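Q: got a sequence here, can you model it:
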Amino acid sequence: MINRVPLFNLNAVLKETGLTADVLRIWEKRYQLPAPERSKGGQRLYSQYDIETIKWLQNRIREGIRIGRAAEIWKEFVKNGNDPLTVVISKSPIENSTSDHENSMDDLRAQWLDYCLKFDEVMADEVLKKAFALGSIESVCSNVLQKGLNFVGTQWYQGTISVQQEHFIAALVIRHLETLISILPSSSRSETILLGCPEGERHSIPILMLNLFLRREGYKTVFLGAGIPTSELLNAVKIIQPNLVILSAQQFHTAATLQTAASIFLKNSTPLAYGGGIFVDIPELCSRIPAYYLSDDLLESIKRVNMYFTAPQQIPTVFQVDEAYRQVNELYQRSRRQIELSVIQQFEKETLLMPVLESANFRFYQQISSALQFGDMNFLKRDLEWLLGMMSYARKENTPGNAILVEETVLNNWMLDESKQILREKQSSDYVLKFVIAYSNAIAVYMGSSGKIITDFLKSFLITKHYYPLQ
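A: Numbers count the residues shown, from 1 in each chain. From the prediction side, this is the model:
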């Protein structure tokens, strides 16, 4: 028989169940489950039966039952004189409960996004409170926050939301994740995991979410955040002595930085695991990084981390880059400033482009150098396609940094939407193509035949995309 004597304080219950204090209070207030007693000092005290009640409710939620319905089922059992903890639950009365749960999360995500896009922080927080009362932390993070951020990223790419809206939503998500992490109990495992993003990587939300999930698994974690220079990362490893380092990269050039760090860690016998969206977009990169790849799914990543500590595997053999690429990369980096100045000179008459040429030069340098480091210029295709695709959309931002984009006000109101789209795509992509041609011509001048690995790729890409070839 399960003990009903109130012995445990709130922190002990949260540690045992993984629930947050806010969610537990909602359950107690709204559903009277569990029903803790009070000490003389007013502190809530829970019995083992209360803890098992919480776990019972959590199991029903995992089966796809809404928390409100789960509470009703519990009370129906009690009303009929049965102890819910001893009754075998039949799934037949709750057909379609999983889809109902998924639909409710979809609805909550839509509501949350709607308030976020209106900069309504208070109402957005209220929606999240409902979501956390309905589902587990992992479910809300995956189905509301992560999917919501993916939607926001797509809408920004297509120009339907502003960068301010994107930043506002990202800040809200980070705040919620940090709050959830701060209220978790102390680690219950001996392993320490160091997490962060390589230098240049600003997108820290995925690895922050992984940090939360690892903490809930009982691991001790040290989170360094975004954009950690490799030298500082190495210093942190010396001080912390972690059992595992996990890095996350979302961009092509930060994947190259991650590769550099991985090579150093391998020499130092420091175990490294990694993940990030770029490895989903270009899975071939994984064969070039001497470390353990986790997964694009955070819950699967947790399983692989657990597996690493129970049954470590050998680091997979990595692809050996041709020495010619390394030599071209060294020459390219030495010629960089001459190439960039030449490009700027070729656009002297394009005054609108001047504010963005420096950043365009830097971005192109990062991408080309990374492709050479990985030993395959074809990896650059995705980035060029992404850029050309983005520039086919009108932008909401009206800043000098978007001077190369065609603004909606430039287009005639009487034109059909299809005609407007064609005009936008032609004019904005023309700017990109002119830049690529100017850059390739500069490479040919300052690198000579040694730059053919780069210029041949650029020519081939433009021909494949049915744009005019480089001269």
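
Q: and the residue lying farthest from the centre of the chain, what helix or strand is that in?
A: What lies farthest from the middle of the chain is Gly81; by Cα atoms, centre = their mean that is 48.3 Å. Assigned by DSSP states H and E, Gly81 belongs to neither a helix nor a strand.

Q: pop out the phi and psi values for it.
A: phi 80, psi 20 (degrees, to the nearest 10).

Q: list the contacts for the spatially most central residue of the chain?
A: In the chain, the centroid-proximal residue (Cα atoms, centre = their mean) is Pro206; its distance is 3.3 Å. By Cβ atoms under 8 Å, 6 or more residues apart in numbering, the contact set of Pro206 is Gln146, Ser248, Gln250, Gly275, Gly276, Gly277, Leu298. Every C-beta, even on glycine, is put in place using the N, C-alpha and C of the backbone.

Q: any idea how far Cys141 is from it?
A: Using Cβ to Cβ, to the nearest Å, Pro206 is found at 10 Å from Cys141.

Q: which neighbours do those two share?
A: Leu298.

Q: about what we covered before: from Ala438, how far out is the residue farthest from the centre of the chain?
A: In terms of Cβ to Cβ, Gly81 sits 83 Å off from Ala438.

Q: what's the answer for Gly196, then?
A: As judged by Cβ to Cβ, Gly196 and Ala438 stand 37 Å apart.

Q: more neighbours: which of the two?
A: Gly196 (25 against 19; other Cβ atoms under 10 Å).

Q: pLDDT score for the more buried one?
A: With respect to pLDDT, Gly196 scores 97.

Q: tell me what it is bridged to.
A: Applying DSSP bridges to Gly196 gives these bridge partners: Leu247.

Q: so where do the strands sit in the stretch 201-350 of the chain?
A: Along the stretch 201-350 of the chain, counting by DSSP state E, counting those that start in this stretch, strands occupy 220-223, 244-248, 272-275, 292-293.

Q: residue ranges of each domain in this protein, please.
A: 10-95, 99-181, 186-310, 323-464 (automatic domain parsing).

Q: pick the most deeply packed of these.
A: Each of the domains of the chain was scored by mean neighbour count; the highest is domain 186-310, a mean of 19, by mean count of other Cβ atoms under 10 Å.

Q: which regions of the stretch 1-150 of the chain sit below the pLDDT cut-off?
A: Scanning the stretch 1-150 of the chain for pLDDT under 70 picks out 64, 88-103.

Q: what about 90?
A: 1-8, 11-12, 14-23, 25-26, 29-31, 38-43, 58-73, 75-107, 129-139 (pLDDT under 90).

Q: ends of stretch 234-248, what's the gap?
A: 16 Å (Cα to Cα, to the nearest Å).

Q: check stretch 268-287 too.
A: Stretch 268-287 end-to-end distance (Cα to Cα) = 20 Å.

Q: what does stretch 181-191 give?
A: Start-to-end, stretch 181-191 (Cα to Cα) is 17 Å.

Q: could you do stretch 439-453 as well?
A: Start-to-end, stretch 439-453 (Cα to Cα) is 14 Å.

Q: what are the contacting residues of it?
A: 324-325, 327-328, 331-332, 335, 338-340, 342-343, 346, 361, 364, 372, 377, 454-455, 458-459, 470-471.

Q: mind giving me the packing neighbours of the helix or strand hosting Lys29?
A: For Lys29, the element it lies in under DSSP H and E is helix 21-31. Where contact means 3 or more Cβ pairs under 8 Å, 6 or more residues apart in numbering; DSSP states H and E, helix 21-31 is packed against helix 10-17, helix 48-62, helix 67-79, helix 121-134.

Q: can you put these in TSV and add distance to Pro283?
A: Below are these laid out as TSV (distance: least, Cβ to Cβ, whole Å):
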stretch	distance to Pro283
helix 10-17	37
helix 48-62	31
helix 67-79	38
helix 121-134	32
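
Q: out of the ones you listed, nearest to Ile181?
A: Closest approach to Ile181 among those (Cβ to Cβ): helix 10-17, 13.0 Å.

Q: coming back round to it: quick check: which of the helices and strands packed on helix 21-31 is nearest to Ser186?
A: Nearest to Ser186 among these is helix 10-17 (8.1 Å), distances taken as Cβ to Cβ.

Q: what packs against the closest one?
A: Packed next to helix 10-17, using 3+ Cβ pairs under 8 Å, 6+ apart, are helix 21-31, helix 48-62.

Q: from the chain's centre, how far out does stretch 211-218 sit?
A: The chain centre lies 16 Å from the centre of stretch 211-218; the measure is Cα atoms, centre = their mean, to the nearest Å.

Q: who touches it?
A: 18, 137-138, 141, 177, 180-181, 184, 187-189, 193, 195, 221, 223, 298-299, 301-302, 305-306.

Q: and the angle from the helix or strand in which Thr179 is found to helix 121-134?
A: Using DSSP H and E, Thr179 falls within helix 163-182. With axes from the mean of the first three to the mean of the last three Cα atoms, to 10 degrees defining the directions, helix 163-182 sits at 40 degrees from helix 121-134.

Q: what's helix 163-182 packed up against?
A: Contact analysis of helix 163-182 by 3+ Cβ pairs under 8 Å, 6+ apart lists helix 97-117, helix 121-134, helix 147-157, helix 205-216 as its packing neighbours.

Q: how far off helix 205-216 does it point, in degrees?
A: 10 degrees.

Q: average pLDDT for helix 163-182, rounded please.
A: Here the average pLDDT along helix 163-182 is 93.

Q: repeat for stretch 259-270
A: On average, stretch 259-270 scores 94.

Q: neighbouring contacts of that stretch?
A: Here stretch 259-270 has contacts from 198, 230, 233-234, 237, 245, 247, 271-272, 274, 285, 288-291, 315, 373-374, using Cβ under 8 Å, 6+ apart.

Q: repeat that for stretch 185-196.
A: 11, 14-15, 207, 210-211, 214-215, 217-226, 228, 233, 236-237, 240-248, 305, 309.

Q: could you do stretch 226-243 as well?
A: By Cβ under 8 Å, 6+ apart, the list of residues contacting stretch 226-243 from outside reads 191-194, 196-204, 222, 224, 245, 257, 260-261, 264-265, 268, 270-271, 309.

Q: looking at these, which are in helices?
A: Thr257, Thr260, Ala261, Ile264, Phe265, Phe309 (DSSP state H).

Q: which one of those residues is nearest Phe132?
A: Looking across these and measuring by Cβ to Cβ, the closest to Phe132 is Phe309, at 28.8 Å.

Q: kind regards, and thank you for your time.
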